[in-house]
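Asker: Requesting a structural model of the entry that follows:
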Amino acid sequence: MRASLLFQYVAASMVWGASFLFVKIGLEGLSFTQVVLWRLVFGALALVIVSAINRIGLPQDRRIWKHMSFLAAMQCVAPWLLFSWAEQSMSSGLASIYNATTPLMTMAASLAFLPGESLTRFKATGLMLGFFGVLIVLSPWNIGVGGSVSAQIACLGATASYGVSFVYLRRFVLPLGVDTRTIALLQISIGALFMVLASPVIANTPMHLTPAIIGSMIALGAFGTGLAFIWNTNVVQGWGPTAASTVTYLSPVVGVALGAIVLGESIGWNQPLGALIVIAGILVTRRATRSLTPAESVTTPISVRRPTV
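Answerer: Take a look at the predicted model:
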């Protein structure tokens, strides 16, 4: 069991780190909206197959479907569109670094919207450290080198969407006792349906497919948007949310390394430094909340924790 969880932990970190590379490759022949469309379609297919094998039923409560529709938009469609749009003008490695700000965004959203949350000394210090780290990565003194300002702000908008979604998940969905695999299935499937219905308007440009693009979209959807969420849920249940949340620290390392190795992307000194400061801010906020609920430990848009892209 321990070996199995370790494998799933490593596999999830690798897949989520590689997701930014898959998006970048997909953009070579697809529009950013088409990347999200196929990501959700392949992800939904993978989760439907897993759910059928495990005989996971669908909820009858209409409230759950309404909540899942909101989360599909805020935790899947919106942030993935923002990340895909941003990667048109920035490196995949830099996008993966910005994704590491998700726990800080979640902390800020919790302070704003969850009753009983208070701004302690550690939380305030962690948030300030995280903000400073983001500024280092953004490098306002060197505009245009790492990517356009609008693209980097879009990444922050995506992680902010994750943060709001996780707070919503904790406050309105988890108290209903919904199985985490059902949450994953409904979010991805509803998101896929939305993109399919909207595709004649927002994803109607010609596609230029190559084996690399097709393979990247299948991997991004089936693994990064489907199976990885199940792996992550198993790790949360087996190790606890605090230990499982460290996958957030590994994914940017994988994303930056793959971007440099596969795509030849350059890495500026400010990017790893800023990422380390962001991680330091997360660790400080962790000290303020040693016993976290699964929703509070989320770092990727699905299951009870993640987003990844």
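
Asker: When you work out contacts or count neighbours from here on, use the C-alpha atoms and nothing else.
Answerer: Fine.

Asker: hey, which helix or strand in the protein has the poorest pLDDT?
Answerer: Lowest on mean pLDDT, DSSP states H and E among the helices and strands of the chain sits helix 241-244, with a mean of 52.

Asker: What helices and strands are in contact with the next helix or strand after that one?
Answerer: Sequence-wise, the next helix or strand downstream of helix 241-244 (DSSP states H and E) is helix 247-263. In terms of contacts (3 or more CA pairs under 8 Å, 6 or more residues apart in numbering; DSSP states H and E), helix 247-263 is packed against helix 2-26, helix 92-99.

Asker: ok, and for the next helix or strand after helix 247-263, which residues are buried?
Answerer: Next helix or strand after helix 247-263 toward the C-terminus (DSSP H and E): helix 270-288. The neighbour-count check on helix 270-288 (16 or more other CA atoms under 10 Å) flags 270-272, 274-286, 288 as buried.

Asker: now the angle from helix 270-288 to helix 247-263?
Answerer: With axes from the mean of the first three to the mean of the last three CA atoms, to 10 degrees applied, the angle from helix 270-288 to helix 247-263 works out at 170 degrees.

Asker: residues contacting residue 256?
Answerer: If you count contacts by CA atoms under 8 Å, 6 or more residues apart in numbering, residue 256 has them with 92-94, 96-97, 267.

Asker: how about 6 Å then?
Answerer: Neighbouring residues of residue 256 by CA atoms under 6 Å, 6 or more residues apart in numbering: residue 93.

Asker: before we move on, the earlier item: relative to residue 262, which of the helices and strands packed on helix 247-263 is closest?
Answerer: Residue 262 sits nearest to helix 2-26 of all the helices and strands packed on helix 247-263, at 8.4 Å, using CA to CA.

Asker: and the angle from that closest one to helix 247-263?
Answerer: Helix 2-26 runs at 50 degrees relative to helix 247-263, counting by the same axes, to 10 degrees.

Asker: for helix 2-26, packing partners?
Answerer: helix 211-218, helix 228-239, helix 247-263 (3 or more CA pairs under 6 Å, 6 or more residues apart in numbering; DSSP states H and E).

Asker: repeat that with 10 Å
Answerer: Here helix 2-26 touches helix 32-53, helix 78-86, helix 92-99, helix 211-218, helix 228-239, helix 247-263, going by 3 or more CA pairs under 10 Å, 6 or more residues apart in numbering; DSSP states H and E.

Asker: Please identify the deepest-packed of the ones you listed.
Answerer: For the helices and strands packed on helix 2-26, the largest average neighbour count (mean count of other CA atoms under 10 Å) is found in helix 92-99, namely a mean of 28.

Asker: so how far is it from its chain's centroid?
Answerer: Taking CA atoms, centre = their mean, to the nearest Å, the mean C-alpha location of helix 92-99 is offset from the chain mean by 11 Å.

Asker: neighbouring contacts of stretch 122-131?
Answerer: 100-101, 103-105, 107-108, 111, 118-120, 132-136, 274-289 (CA atoms under 10 Å, 6 or more residues apart in numbering).

Asker: in stretch 61-70, what's buried?
Answerer: Of the residues in stretch 61-70, those buried (16+ other CA under 10 Å) are 64-65, 67-70.

Asker: What would it look like as PDB? C-alpha coordinates only.
Answerer: Provided in PDB are the C-alpha atoms of stretch 61-70 (Å, rounded to 0.1, in the frame of the first residue of the first chain):
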ATOM      1  CA  ASP A  61     -29.700  15.900  -5.400                       C
ATOM      2  CA  ARG A  62     -30.100  18.900  -7.700                       C
ATOM      3  CA  ARG A  63     -28.100  21.100  -5.400                       C
ATOM      4  CA  ILE A  64     -25.000  19.000  -6.000                       C
ATOM      5  CA  TRP A  65     -25.400  19.400  -9.800                       C
ATOM      6  CA  LYS A  66     -25.700  23.200  -9.400                       C
ATOM      7  CA  HIS A  67     -22.600  23.300  -7.200                       C
ATOM      8  CA  MET A  68     -20.700  21.100  -9.600                       C
ATOM      9  CA  SER A  69     -21.700  23.400 -12.500                       C
ATOM     10  CA  PHE A  70     -20.200  26.400 -10.700                       C
END
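
Asker: Count residues in the vicinity of the residue nearest to residue 44 when sequence neighbours are not counted, would you?
Answerer: Nearest-residue entry for residue 44: residue 189, 5.0 Å, with adjacent residues in sequence omitted and distances by CA to CA, 6 or more residues apart in numbering. Counted with other CA atoms under 10 Å, the neighbours of residue 189 add up to 23.

Asker: Verify the contact between residue 32 and residue 87 for me.
Answerer: Yes. With contact defined as CA atoms under 10 Å, residue 32 counts as touching residue 87 (8.5 Å).

Asker: what do these two both touch?
Answerer: Counting by CA under 10 Å, 6+ apart, the contacts common to residue 32 and residue 87 are 23-24.

Asker: So what's the gap between the helix or strand in which residue 135 is found and the chain middle?
Answerer: Here residue 135 sits within helix 121-138, counting by DSSP H and E. Offset of helix 121-138 from its chain centre (CA atoms, centre = their mean): 20 Å.
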